[in-house]
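Asker: fold the stuff below for me.
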Amino acid sequence: MSMNESYQPINCDDYDNLELACQHHLVLALELKDGEVLKAKASDLVSRKNVEYLVVDISGESRELRLDKIASFSHPEIGTVVVSEE
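Answerer: Now for the predicted structure:
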């Protein structure tokens, strides 16, 4: 995955669900488009150079996930969300 790939914004409803997850520090089951699966606590959404990232905490380590590289995320409070582009 090249970080130089042009960023494709995600659907506003999907973004709103991620915002809610961050506000409540929900632990999400995430699947990335490269096949990686992880459980991580959502902590923040940040934007750098017109690219948006979900900041997550995995076992005390902070990691930033490009929103357009997330295939799906789920939590009992918000259900399963298959991320779509804007």
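Asker: use CA for all of it now, contacts and neighbours both
Answerer: Noted.
Asker: buried ones in the helix or strand hosting Asp13, by neighbour count?
Answerer: Element membership for Asp13, per DSSP states H and E: helix 12-23. Within helix 12-23, the residues that qualify as buried are Asp14, Tyr15, Asn17, Leu18, Glu19, Leu20, Ala21, Cys22, counting by 16 or more other Cα atoms under 10 Å.
Asker: what sits up against it?
Answerer: Helix 12-23 has contacts (Cα atoms under 8 Å, 6 or more residues apart in numbering) with 27-28, 41-45, 54, 78, 81, 83-84, 86.
Asker: tabulate those residues (a markdown table), appending secondary structure, pLDDT and neighbour count.
Answerer: Below are these laid out as a markdown table (DSSP: H, G, I helix; E, B strand; the rest coil; pLDDT from 0 to 100; neighbours: other Cα atoms under 10 Å):
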| residue | secondary structure | pLDDT | neighbour count |
| --- | --- | --- | --- |
| Val27 | strand | 97 | 20 |
| Leu28 | strand | 98 | 22 |
| Lys41 | strand | 98 | 20 |
| Ala42 | strand | 98 | 24 |
| Ser43 | strand | 97 | 20 |
| Asp44 | strand | 98 | 18 |
| Leu45 | strand | 98 | 19 |
| Leu54 | strand | 98 | 21 |
| Ile78 | coil | 88 | 14 |
| Val81 | strand | 92 | 16 |
| Val83 | coil | 92 | 20 |
| Ser84 | coil | 85 | 17 |
| Glu86 | coil | 70 | 11 |
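Asker: parallel or antiparallel, list what pairs with the helix or strand of the chain with the lowest mean pLDDT.
Answerer: Evaluated with mean pLDDT, DSSP states H and E, the helix-and-strand set of the chain has its lowest mean pLDDT in strand 79-82, which scores a mean of 92. Strand 79-82 sits in its sheet next to strand 70-75 (antiparallel), going by DSSP bridges.
Asker: for the strand it pairs with, which positions count as buried?
Answerer: Neighbour-count burial for strand 70-75 [16+ other Cα under 10 Å]: Ile70, Ala71, Ser72, Phe73, Ser74.
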